[in-house]
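In: just the structure for this:
(one chain, ligands or ions: 1)
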Amino acid sequence: MIELFHNDMSVCSAKVRIVLAEKGLGWKSHTLNLRAGDAQRPEYLRLNPNAVVPTLVHDAKVVVESAVICEYLDDVWTETPLRPGNPLARARMRLWTKQLDEGVHAATGTVSACIAFRHQHMKKSAEDLKRYIDGIPQPERRERIQKAVEFGMDSPTFAPALRRLDRLIADIERALTDSDWLAGESYCLADAAYTPYMIRLEHLGLGDMIKPRPRIADWTARLFARPSFKTAVADWFNPETLAVFEAHRESAREKAARILKA
Ligand SMILES: N[C@@H](CCC(=O)N[C@@H](CS)C(=O)NCC(=O)O)C(=O)O
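Out: You can find the predicted model right below:
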């Protein structure tokens, strides 16, 4: 049996759900409320000591880290392979997925927290907020979230994170000059992995980064038209979270335009 401990709108969770959907696999859902600190509870830390989602449990075997989970799924269920057969294309795929772990995911987390999630955190009592922040095991992530909650889009971390994402978008636009998909002529784990990050940009009011770039605009339209996008991403949209994004989208759009023009 496949079980997934995940969160409705977490990008890393959506990444794994997309792979499960693309491969047509059934799974049992365990949802966590991240803002309530569910990922920090002792029983969850036994599965995932990093206090993050997702965690896959396959026949009682635990696998953590979304990129590792996606490759694990592709290793175990070899029908509908999602990694290119060609070694060079496979290396390209890994260069994309590696970038997520080496800065793009953190930049997305920073931007999301500075624009939107801080407003959810600020509704907590001072004690609950402190408990949540203190419960983040990684010092770097703890500081990032602390600053986002305190300063929002004026946090010193906001502009560099936004510029990192803008550079990513430019890199993707360039990569799509040579091929229809990120790593070559077929949809692969890299395309699946970036899908939730692209919809997050739209949700945050940062879609203007994508619009003027025709290849990435076409690629995202193709990603969002796949059946896996509906079942693994859109069907999990949380109306309360969408409302938080909506409330802060316009100010984020204006602020981002100013930063990226400078
Ligand atoms: N490198 C990890 C990152 C996981 C991660 O950062 N997950 C976020 C949601 S996308 C999380 O669980 N955050 C915990 C929190 O918000 O308390 C992976 O790819 O699985």
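
In: can we go C-alpha only for contacts and neighbour counts from here?
Out: OK.

In: touching, Gly135 and Gln40? I think so.
Out: Yes: in terms of C-alpha atoms under 8 Å, Gly135 counts as a neighbour of Gln40; the distance is 6.4 Å.

In: between those two, tell me which one has more neighbours.
Out: Gln40 (21 against 15; other C-alpha atoms under 10 Å).

In: tell me the pLDDT at the more buried one?
Out: Looking at Gln40, its pLDDT is 98.

In: go on, the one 5 residues further on?
Out: pLDDT for Leu45: 98.

In: check Asp178 too.
Out: 86.

In: repeat for the one 5 residues further on
Out: In the prediction, the pLDDT value recorded for Ala183 is 97.

In: tally of neighbours for it?
Out: The tally of other residues near Ala183 (other C-alpha under 10 Å) stands at 26.

In: state the distance from it to the ligand.
Out: Per C-alpha to the nearest ligand atom, to the nearest Å, Ala183 is found 20 Å from the ligand.

In: longest helix of this protein?
Out: Counting residues, the longest helix found in the chain (DSSP state H) is helix 239-261.

In: mind listing what Asp59 touches?
Out: Taking C-alpha atoms under 8 Å, 6 or more residues apart in numbering, we find Asp59 in contact with 1-2.

In: and it, backbone torsions?
Out: When read as degrees, to the nearest 10, the backbone of Asp59 gives phi 50, psi 50.

In: so it versus Gly37, what's the distance?
Out: 26 Å (C-alpha to C-alpha, to the nearest Å).

In: what do you get for Ala21?
Out: From Ala21 to Gly37 the distance is 27 Å (C-alpha to C-alpha).
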